[in-house]
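Student: after the sequence you'll find the predicted model.
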Amino acid sequence: MLPSLVFSQAGATLPAGLVPGDLATRLALDLGTLILLVRVVHFRYYRRSDLFLTFFALNLVVFLVTLLLNRVEMTMGAAFGLFAVFSMLRYRTEGITARDMTYLFLVIGLGLLMSVAPGGWPVLASVCALIVLGTVALEAGVLAPRERAHPVMYDNIGLVHAASRPALLNDLRARTGLDVRHVDIEEIDFVRDTARLTIHYRDA
């Protein structure tokens, strides 16, 4: 088995209670679920292949680090570490949307679960299936219609007044051809008569 070969070449031993077959099964489930989440689900909806390296590398690092440090006693500490990493990324990273951050949280949690969660492969496979099916259901709009967000620069500054919100929405619908449901005013520049908006619209 490749995982056991890696450990033996490094002069290390597997964590107590973990046999090479179990490690290989967990790693296979982790990578298989990761491919479904990232390549099949996330890429289908968002077409962002530039995040593949982040998703796969972070998942693998979390899986291996958690496994090597301690498979059982580290569980609580790893859980706190997980949310610390998540919080740090959420508030210090620019240019990544809340949806991408949610997938980032999923891949971190998946690596942690597959590394330390008790149970045999049927239990772990069921957990992986629930994660994938739940994500697919939410992306398909089972609970609510899907909405997308897009930033725009807006030049009709007179319509950003709070009392003109219906007219602003109608103007945005007419210009973009999208079913704009609501809009966030991010920034207003009275010198240039422009505003930076984020429009939220439903998929056709």
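Tutor: Yes, it's here. The structure displayed is predicted, hence computed values, not measured ones.

Student: tell me the SS of residue 148?
Tutor: strand (DSSP: H, G, I helix; E, B strand; the rest coil).

Student: tell me how far it lies from residue 31.
Tutor: The gap separating residue 148 from residue 31 is 29 Å, by Cβ to Cβ, to the nearest Å. C-beta: built from backbone N, CA, C; applies to glycine.

Student: more neighbours, the two?
Tutor: Between residue 148 and residue 31, counting by other Cβ atoms under 10 Å, residue 31 is the more crowded of the two (17 against 14).

Student: distance check, residue 187 against residue 147.
Tutor: The span separating residue 187 from residue 147 equals 22 Å under the rule Cβ to Cβ.

Student: neighbour-wise, which of these two wins?
Tutor: Taking other Cβ under 10 Å, residue 187 and residue 147 do not tie; residue 147 has more neighbours (13 against 9).

Student: surely that one touches residue 198?
Tutor: No - under the criterion of Cβ atoms under 8 Å, residue 147 lies out of contact with residue 198, with a separation of 11.4 Å.

Student: secondary structure element for the spatially most central residue of the chain?
Tutor: The residue lying closest to the centre of the chain (Cα atoms, centre = their mean) is residue 103, at 1.1 Å. Counting by DSSP states H and E, the secondary-structure element that holds residue 103 is helix 98-116.

Student: in its sheet, what does the longest strand along the chain sit against?
Tutor: Of all the elements of type strand in the chain, the one with the most residues (DSSP state E) is strand 179-189. Here strand 179-189 is paired, per DSSP bridges, with strand 194-202 (antiparallel).

Student: I'd like to know which elements the helix or strand harbouring residue 126 is packed against.
Tutor: Residue 126 belongs to helix 121-139 when elements are defined using DSSP H and E. Taking 3 or more Cβ pairs under 8 Å, 6 or more residues apart in numbering; DSSP states H and E as the contact definition, the neighbouring helices and strands of helix 121-139 are helix 20-35, helix 98-116.

Student: so the residue nearest to the centre of the chain touches residue 36, yeah?
Tutor: No - the criterion here is Cβ under 8 Å, and residue 103 misses it with residue 36 at 11.9 Å.

Student: which one is the residue nearest to the centre of the chain nearest to, not counting chain neighbours?
Tutor: Spatial nearest neighbour of residue 103, chain neighbours left out: residue 42 (5.4 Å); criterion: Cβ to Cβ, 6 or more residues apart in numbering.

Student: let me see the contact set for the one you found.
Tutor: Taking Cβ atoms under 8 Å, 6 or more residues apart in numbering as the definition of contact, the neighbours of residue 42 are 48, 51, 55, 103.

Student: could I get the residues you listed as a markdown table with distance to residue 180, pLDDT and secondary structure?
Tutor: What follows is those, written out as a markdown table (distance: Cβ to Cβ, whole Å; pLDDT from 0 to 100; DSSP: H, G, I helix; E, B strand; the rest coil):
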| residue | distance to residue 180 | pLDDT | secondary structure |
| --- | --- | --- | --- |
| 48 | 23 | 83 | coil |
| 51 | 27 | 85 | helix |
| 55 | 30 | 90 | helix |
| 103 | 25 | 91 | helix |
